[in-house]
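Chemist: sharing a model that was predicted from the sequence below.
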Amino acid sequence: MSREKILIIDFGSQYNQLIARKIRELNVFCEIVPPNISADTIKPSEIKGIIFSGGPASVYAPKAPHCDARILSMGIPVLGICYGMQLMAKMLGGKVEKARHREYGRAPFTVTNRGLLFKDVPKTTISWMSHGDKVKRMPKGFVRIGRSGNTPIAAFADFNRKLYGVQFHPEVAHTICGKIILRNFVKEICRCRGDWSMRSFIQETVRDIRKRVGRSDKVILGLSGGVDSSVAAVLIHKAIGRRLACIFVDNGLLRKNEARLVREIFQKHFKINLHCVDASDKFLKALKGITDPEKKRKVIGRTFIKVFEQEAKKLGNVRFLAQGTLYPDLIESRSAFGGPSATIKTHHNVGGLPKRMNLKLIEPLKYLFKDEVRCVGRELQIPKEILGRHPFPGPGLAVRIIGDVTRQRCDILREVDDRFISILKKERLYDKIWQAFAVLLPIKSVGVMGDERTYENVVAIRAVTSVDGMTADWAKIPYNVLGKISNRIINEVRGVNRVAYDISSKPPSTIEWE
Ligand code: XMP
């Protein structure tokens, strides 16, 4: 793809994704790359600027990550952040030392030489620091451009070579003028136009897919109805039309009306070549008697691969497998210092497929973050019903039915889940909650209905707020709404006489019960 780009060289900072997010917000495409990137692969016509990220190491440590020294003399502007600044100093003949007073957290910062990097930044501001080392002596050609309380050289620059370094982290929100500084680097110093948008992404990606797939080959994709696979499907369909075949596997563990929704949206609305397979008998048979959560996952994964493979064979002449892999999945799957690791995290239960079936991978969303994928989806006019959906685990209801998974228990849980979610939507709470679902417990309780004693199932309902699913808090649904949910479930779903609300956060609990 030929577009202006900023490279972020990853020296292991926990904030790298934040740098990438901030650059993308400036409508400039950026990519995080490992330190072993060779200067030979960097094209100055495409790479408008380079950021050396922070990192936990000390530049003189034996295994401290370094990068190709030629990168600093290619005429491409470079901004070193924290470790990145210290590394730049060391590589160019300056000196770094252990700071007597380490700086963590907010620190006052004074601009001593404004230049382009600190354009529109007040003379004194607040920066966010997290370092144990600092630059003691600048390399030749550099001047100091800022200082902080404990760090005399808190920012430096070689204006001629367009090399800059800041000891603080402009990417974190606590650095008050961080956004302005990154904008100055990207727009003023690297002179990026900032024309990266979801619309341009779609145009470029469609062009790339056409080129890669050619005029006659076919692509298959496992469509789950979740956001990522749905957006990938519509995007690829835009590029190659009916040569994309989507396979939707109904494993019997889906939410109520899920198969119908997927068919309606993708087959009727988008006219996508969709093959729906009802494999529920196969899955439920394979799950019979299995109660261990990890065994359930394995059985479901294996069965999925078998069913998918059978369906794909029927299509013939397939050379590509498409997946909705996202950028965080790629970044998380490689080590900070060693570059890409051998295995990229697998998704949507089709991890083993490309090799087994000798297929090439197409991952059109692999440089996007989740919110960007939603923007692409909106541009592609994918309905909100799909884009705004709560995440749903691959193993589906099987990990929400504690104990034995049977068709009858799946049916009960589907009805419970349906009542719960429809009330959340009606009360306008659904979009405020990150994920909500019901869990069918392996116990029964005594109740009384119409003067009769009942002895029936107990369900738990769970709703959490979260940003990324890594940590989560239980949602504070108002009592009156909880009351409505409980009433409706017990009144309308046969076989349930008690509802409990899960008030545990993650950690120490997990979001799903299994
Ligand atoms: P936990 O339960 O680990 O869940 O706190 C975090 C998020 O991951 C989803 N999840 C899964 N997704 N396959 C998936 O595709 C799985 O086996 C799986 N287990 C959990 C869960 O729904 C939540 O969004």
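Modeler: That came through fine. Only a predicted model underlies this, so the values are computations on that prediction, with no experimental measurement involved. Numbering: from 1, shown residues only.
Chemist: now do the helices in the stretch 101-250 of the chain.
Modeler: In the stretch 101-250 of the chain, helices defined by DSSP state H, counting those that start in this stretch lie at 178-183, 198-213, 227-240, listed in chain order.
Chemist: between these, which one is closest to the ligand.
Modeler: Minimum separation from the ligand across those (Cβ to the nearest ligand atom) falls at helix 227-240, 10.3 Å. C-betas here are computed from N, CA, C, even on glycine.
Chemist: need the CA coordinates for the closest one. CSV is fine.
Modeler: What follows is helix 227-240, C-alpha atoms only, in CSV (Å, rounded to 0.1, in the frame of the first residue of the first chain):
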residue,chain,number,x,y,z
VAL,A,227,-18.2,-7.4,14.4
ASP,A,228,-14.7,-8.5,13.1
SER,A,229,-15.7,-11.3,10.8
SER,A,230,-18.7,-9.3,9.6
VAL,A,231,-16.7,-6.3,8.6
ALA,A,232,-14.0,-8.5,7.0
ALA,A,233,-16.7,-10.2,5.0
VAL,A,234,-18.4,-7.1,3.7
LEU,A,235,-15.0,-5.5,2.8
ILE,A,236,-13.8,-8.6,0.9
HIS,A,237,-17.2,-8.9,-0.8
LYS,A,238,-16.9,-5.3,-2.0
ALA,A,239,-13.6,-6.3,-3.6
ILE,A,240,-14.4,-9.7,-5.2
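Chemist: and it, does that touch the ligand?
Modeler: No - counting by Cβ under 6 Å from any ligand atom, the ligand has no neighbours in helix 227-240; the shortest distance is 10.3 Å.
Chemist: which secondary structure elements does that helix contact?
Modeler: When contacts are defined as 3 or more Cβ pairs under 8 Å, 6 or more residues apart in numbering; DSSP states H and E, helix 227-240 sits against helix 198-213, strand 218-222, strand 244-250, strand 318-322, helix 370-379, helix 384-387.
Chemist: I'd like those as JSON lines, with distance to the ligand, mean pLDDT and mean neighbour count appended.
Modeler: Converted to JSON lines, those look like this (distance: least, Cβ to the nearest ligand atom, whole Å; pLDDT from 0 to 100; neighbours: other Cβ atoms under 10 Å):
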{"stretch": "helix 198-213", "distance to the ligand": "24", "mean pLDDT": "94", "mean neighbour count": "16"}
{"stretch": "strand 218-222", "distance to the ligand": "12", "mean pLDDT": "95", "mean neighbour count": "24"}
{"stretch": "strand 244-250", "distance to the ligand": "14", "mean pLDDT": "97", "mean neighbour count": "23"}
{"stretch": "strand 318-322", "distance to the ligand": "17", "mean pLDDT": "93", "mean neighbour count": "21"}
{"stretch": "helix 370-379", "distance to the ligand": "12", "mean pLDDT": "92", "mean neighbour count": "18"}
{"stretch": "helix 384-387", "distance to the ligand": "16", "mean pLDDT": "92", "mean neighbour count": "15"}
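Chemist: ok, now which ones touch the residue of the stretch 151-300 of the chain found nearest the ligand?
Modeler: Proximity of the stretch 151-300 of the chain to the ligand (Cβ to the nearest ligand atom) peaks at Arg297, 5.2 Å away. Applying Cβ atoms under 8 Å, 6 or more residues apart in numbering to Arg297 gives the contacts 394-395, 399.
Chemist: rewinding a little: of all the helices of the stretch 101-250 of the chain, which lies closest to Arg419?
Modeler: helix 227-240 (23.7 Å; Cβ to Cβ).
Chemist: which residues sit against the closest one?
Modeler: 202, 205-207, 209-210, 213, 219, 221-224, 244, 246, 265-266, 270, 272, 322-326, 347-348, 362-365, 370, 373-374, 376-377, 380, 382, 386-387, 389.
Chemist: relative to strand 318-322, how tilted is the helix or strand containing the residue of the stretch 151-300 of the chain closest to the ligand?
Modeler: Using DSSP states H and E, the element containing Arg297 is helix 293-315. Counting by axes from the mean of the first three to the mean of the last three Cα atoms, to 10 degrees, helix 293-315 lies at 140 degrees to strand 318-322.
Chemist: mind listing what's buried in helix 293-315?
Modeler: The neighbour-count check on helix 293-315 (16 or more other Cβ atoms under 10 Å) flags 296-297, 299-301, 303-305, 307-308, 311-312 as buried.
Chemist: among those, which one sits closest to Ser13?
Modeler: Out of the buried residues of helix 293-315, the member with the shortest distance to Ser13 (by Cβ to Cβ) is Arg297, at 32.8 Å.
Chemist: do you have the strands of the stretch 401-514 of the chain handy? List them.
Modeler: Secondary structure of the stretch 401-514 of the chain, counting by DSSP state E, counting those that start in this stretch: strands at 435-449, 452-465, 473-474, 496-501.
Chemist: would you format those as JSON lines with distance to Phe11 and mean pLDDT included?
Modeler: Putting the strands of the stretch 401-514 of the chain into JSON lines (distance: least, Cβ to Cβ, whole Å; pLDDT from 0 to 100) gives the following:
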{"stretch": "strand 435-449", "distance to Phe11": "34", "mean pLDDT": "97"}
{"stretch": "strand 452-465", "distance to Phe11": "33", "mean pLDDT": "97"}
{"stretch": "strand 473-474", "distance to Phe11": "32", "mean pLDDT": "96"}
{"stretch": "strand 496-501", "distance to Phe11": "45", "mean pLDDT": "98"}
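Chemist: nearest to the ligand, of these?
Modeler: strand 435-449 (5.3 Å).
Chemist: how near is Asp431 to Lys444?
Modeler: 35 Å (Cβ to Cβ, to the nearest Å).
Chemist: so the two - more neighbours on which side?
Modeler: Lys444 (14 against 11; other Cβ atoms under 10 Å).
Chemist: centre-most residue in this structure?
Modeler: Centroid check for the chain by Cα atoms, centre = their mean gives Pro328 as the closest residue, at 4.2 Å.
Chemist: that one and Gln17 touch, don't they?
Modeler: Yes - counting by Cβ atoms under 8 Å, Gln17 is a contact partner of Pro328 at 6.7 Å.
Chemist: which neighbours do these two share?
Modeler: Phe369.
Chemist: just send the helices of the stretch 101-250 of the chain back as CSV, with distance to Arg102 too.
Modeler: Formatted as CSV, these follow (distance: least, Cβ to Cβ, whole Å):
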stretch, distance to Arg102
helix 178-183, 20
helix 198-213, 41
helix 227-240, 41
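Chemist: which one of those lies closest to Arg453?
Modeler: helix 227-240 (45.2 Å).
Chemist: gap between that closest one and the chain center?
Modeler: Relative to the chain's own centre, helix 227-240 is displaced by 17 Å; criterion: Cα atoms, centre = their mean, to the nearest Å.
Chemist: could you check the angle helix 198-213 makes with that helix?
Modeler: Using the same axes, to 10 degrees: helix 227-240 against helix 198-213 is 60 degrees.
Chemist: dump the residue contacts of Phe159.
Modeler: Here Phe159 is in contact with 115, 143 (Cβ under 8 Å, 6+ apart).
Chemist: just use 17 as the starting number from now, easier for me
Modeler: From this message on, residue numbering opens at 17, which makes the last subject Phe175.
Chemist: that one and Ile39, how far apart?
Modeler: Applying Cβ to Cβ to Phe175 and Ile39 gives a distance of 22 Å.
Chemist: ok, Arg130 next?
Modeler: 22 Å.
Chemist: between the two, which is the more surrounded one?
Modeler: Taking neighbours as other Cβ under 10 Å, Arg130 and Ile39 compare with Ile39 leading, 26 against 14.
Chemist: quick one: residues contacting the more buried one.
Modeler: Ile39 touches 22, 24, 46, 67, 198, 202, counting by Cβ under 8 Å, 6+ apart.
Chemist: just those residues: which has the poorest pLDDT?
Modeler: Across the set of the contacts of Ile39, Cys46 stands lowest in pLDDT, at 93.
Chemist: then that residue would be within a helix, right?
Modeler: No - counting by DSSP: H, G, I helix; E, B strand; the rest coil, Cys46 is not part of a helix but strand.
Chemist: OK, contacts around it?
Modeler: Shown in contact with Cys46 (Cβ under 8 Å, 6+ apart): 21-24, 35-36, 39-40, 67.
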